[in-house]
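# give me a model of this one.
(2 chains)
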Amino acid sequence: MRIATWNVNSVRQRTEHLLAYLRETKPDVMCLQEIKCVDEAFPRAEVEALGYNVATHGQKTFNGVAILSKQPFEATRGLPGDESDGQSRYIEAIIPFGETIVRVASIYLPNGNPPLTEKYSYKLAWMDRLIAHARDLLKLEECFVLAGDYNVIPDARDAKDIAAWAGDALYLPPTRERFRELLNLGLADALRATTDEAGLYTFWDYQAGAWQRNNGIRIDHLLLSPQAADRLQSVVIDRHMRALEKPSDHAPIRVDLA
DNA sequence: ATGACTTGCGCGGCAAGA
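Residues are numbered from 1 along each chain as shown, chains lettered A, B, ... in the order given. The predicted model follows:
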């Protein structure tokens, strides 16, 4: 079972890259973030033509998440805990996996900049809701994967120039504390379950030649339930997708579960 | 270096991103 996640930075701008990635990498489940369109504008027919089922949780202009799966599935939209939250940042699916199921969420966690504003308090509140939901899911003792753009740099080794991020919403202590709280519940950061290596990035800014200088950060993560971590085989960051013409500023990251 | 780039919206530049 191959599960991939990618912040596409507009699915309509990235449709050809997405289709190429699906053809080449053949994930069983593909989580997308920042589709930046309403559900009706998603390139559904093109994706379905490659044999995928599609569930979207879009919105006009901003945000928007989706899950694609070769197996048909049921999806639920929105992160529990705040009925008044109108931002489309969470979709969850229950997907057949052999004789059992895997639950997969596609997450676009708020950026939160600038700090000391309501944007940062929204980020922290959203993380608190995610922690509460993860705690509920863990009670089910299922295989599940929370995949997406967390907008969290977990550690100094996850940035080329960590000093530049010291005061940023992606690295401030309250942000990292909440990410650790997820891990402390018993979730595994899939990449860190396989390596302690520094310099494994998933995002490079469009500006200032960040890609050419490898001035990146690791902010796209797959968090695994204990039952999913038991099955973890491998983790790959598909850096080549950042090297294409008209790329997303994020690279996909994927896991294989046995 | 106060910069640098890419989106959506919609047709003029602004907001948002990270």
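# is stretch A:135-153 anywhere near DNA strand B?
Yes - against DNA strand B, stretch A:135-153 shows contacts by C-beta under 7 Å from any atom of the strand at A:149, A:151. The C-beta positions use only the backbone N, C-alpha and C, and glycine is treated the same way.
# then stretch A:84-97?
No - applying C-beta under 7 Å from any atom of the strand, one finds stretch A:84-97 separated from DNA strand B by no less than 8.4 Å.
# end to end on that stretch, go ahead and measure it.
Stretch A:84-97 has its terminal residues 34 Å apart, counting by C-alpha to C-alpha, to the nearest Å.
# again, but for stretch A:22-38
Stretch A:22-38 has an end-to-end distance of 22 Å (criterion: C-alpha to C-alpha).
# would A:Ala93 count as being in a strand?
Yes - assigned with DSSP: H, G, I helix; E, B strand; the rest coil, A:Ala93 falls within a strand.
# so which residues of chain A form strands?
In chain A, the strands defined using DSSP state E lie at A:2-7, A:29-33, A:53-57, A:65-69, A:74-77, A:90-97, A:100-108, A:144-149, A:188-189, A:203-204, A:216-217, A:220-224, A:232-237, A:253-257.
# flag every residue of the stretch 151-258 of chain A that's near DNA strand B.
Within the stretch 151-258 of chain A, the residues that sit near DNA strand B (C-beta under 7 Å from any atom of the strand) are A:151, A:170, A:203, A:205-208, A:217, A:219, A:246, A:249.
# coming back round to it: which of the strands of chain A sits most buried?
Highest mean neighbour count of the strands of chain A: strand A:29-33, a mean of 29 (counted as mean count of other C-beta atoms under 10 Å).
# just checking, what packs against that one?
strand A:2-7, helix A:15-25, strand A:65-69, strand A:100-108, strand A:144-149 (3 or more C-beta pairs under 8 Å, 6 or more residues apart in numbering; DSSP states H and E).
# is the spatially most central residue of chain A in a bridge, and if so with what?
Nearest residue to the geometric centre of chain A (C-alpha atoms, centre = their mean): A:Gly148, 0.6 Å. Assessed by DSSP bridges, A:Gly148 has beta-bridge partners A:Ile107, A:His221.
# and it, how close does it get to DNA strand B?
10 Å (C-beta to the nearest atom of the strand, to the nearest Å).
# residues touching that residue, list them.
A:Gly148 sits next to A:5, A:7, A:31, A:33, A:65, A:105-109, A:220-221 when contact means C-beta atoms under 8 Å, 6 or more residues apart in numbering.
# picking up where we left off before, need the max-distance pair from the residues of the stretch 151-258 of chain A next to DNA strand B.
Farthest pair in those (C-beta to C-beta) is A:Leu170 and A:Lys246. Separation: 24.5 Å.
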